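Engineer: Sequence and predicted model, in that order:
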Amino acid sequence: MALTANRDIEHFIDQELRSLKVKAATHIYKGAFVGIDRATGYVRMLVAGDLFAGIAYEECDNTAGANGDKSCRVYTQGDFQLALSGAAQADIGKPVFAGSEETLTFAGGAMGSYAGRCVDVPASGKVILRLEPLWLAQDVRTVSAPLSSITSAATTNPVLITQRAIVVLSAQVVFNTKPDAGALDVGTGNSNPTEIVTGFSLAGLTNNAPASLTIVNAVVAANVRIWARVGQATSTPGVGGLLTMRYVELP
């Protein structure tokens, strides 16, 4: 429908602070690392594996509220001096991960939440962290890989070769005709690839309906190959299988 009158559009000029809706029964303290709970989309004090949202600008007590009853302003840009155990001058430029609401590490680990880059080490055990929340990333990439399913054995399907370390943001699977049995695993080992997704039951799919996968390890190293293993079907193999992953490359 064509406009017939002027309209006002809300314009957000300051990109440093964002107001994010808080999860139910949650208390966020000022200065805490804030994570987006992947299951609900609401923020909380970061739990390893959350999507890193930023650093809390203020305290927000939503312990008596439901999802979204209160919002918390969060720093999503800027450089911050923070403690990081063992940080040394040679660590400048490395990716930094949040392991909890107050802990940083250089190791992504199984459930690491990418927070940004180390741009300086002012003293031993301290870093200047430049925030780079992935939920605001502009260069999100997508890869899709066909999946084969047979009744005689499991199949191993190539997905991607990483050129840099990546963080997997989300993954989905779909079959035109679902297999009657078998699980989907995704990871870096071609014989038992379970590092990214493990044990997703393909028999529970609905034909032609994409299903979201639970990411157990979002961080994948550079120069490795990612595989998808489709478990053996019993009598009805899957037809038209497709795995799709969204990811970003780390600097």
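Structural biologist: Received it, and whenever you're ready, just let me know what you need.
Engineer: hey, let's count contacts and neighbours off CA atoms from now on
Structural biologist: OK.
Engineer: how is this structure carved up into domains?
Structural biologist: Domain assignment for the chain by automatic domain parsing gives 17-133, 141-249.
Engineer: To Thr4, which of those lies closest?
Structural biologist: Thr4 sits nearest to domain 17-133 of all the domains of the chain, at 32.2 Å, using CA to CA.
Engineer: separation between the residue nearest the centre of the chain and Ala107?
Structural biologist: For the chain, the residue sitting closest to the mean C-alpha position, by CA atoms, centre = their mean, is Leu169 at 3.6 Å. Counting by CA to CA, to the nearest Å, the separation of Leu169 from Ala107 is 18 Å.
Engineer: What is the strand or helix carrying Leu242 packed up against?
Structural biologist: According to DSSP states H and E, Leu242 maps onto strand 241-249. Other elements packing on strand 241-249 under the criterion 3 or more CA pairs under 8 Å, 6 or more residues apart in numbering; DSSP states H and E are strand 141-147, strand 166-174.
Engineer: who's in contact with the first one?
Structural biologist: Under the criterion CA atoms under 8 Å, 6 or more residues apart in numbering, residues 157-160, 228, 230, 240-248 lie in contact with strand 141-147.
Engineer: Neighbouring strands of that strand in the sheet, and parallel or not?
Structural biologist: Applying DSSP bridges to the sheet, strand 141-147 is found paired with strand 241-249 (antiparallel).
Engineer: Using JSON lines, lay out the helices and strands packed on strand 241-249 together with mean pLDDT.
Structural biologist: Shown next, in JSON lines, are the helices and strands packed on strand 241-249 (pLDDT from 0 to 100):
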{"stretch": "strand 141-147", "mean pLDDT": "97"}
{"stretch": "strand 166-174", "mean pLDDT": "90"}
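Engineer: Can I get those in JSON lines including distance to Ala123?
Structural biologist: Formatted as JSON lines, those follow (distance: least, CA to CA, whole Å):
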{"stretch": "strand 141-147", "distance to Ala123": "36"}
{"stretch": "strand 166-174", "distance to Ala123": "29"}
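Engineer: Need the winner for burial among these.
Structural biologist: Most buried of those by mean neighbour count (mean count of other CA atoms under 10 Å) is strand 166-174; its value is a mean of 20.
Engineer: Between strand 166-174 and the longest strand along the chain, find me the angle.
Structural biologist: In the chain, taking DSSP state E as the definition, the longest strand is strand 113-123. Orientation check (axes from the mean of the first three to the mean of the last three CA atoms, to 10 degrees): strand 113-123 against strand 166-174 gives 180 degrees.
Engineer: before we move on, back to that, which of the residues in the strand holding Leu242 are buried?
Structural biologist: For strand 241-249, a neighbour-count test (16 or more other CA atoms under 10 Å) marks Gly241, Leu242, Leu243, Thr244, Met245, Tyr247, Val248, Glu249 as buried.
Engineer: which residues touch it?
Structural biologist: In contact with strand 241-249 (CA under 8 Å, 6+ apart) are residues 134, 137, 139-149, 164-178.
Engineer: who's in contact with Ala32?
Structural biologist: Applying CA under 8 Å, 6+ apart, we find Ala32 in contact with Met45, Leu46, Ile55, Ala56, Glu101, Glu102.
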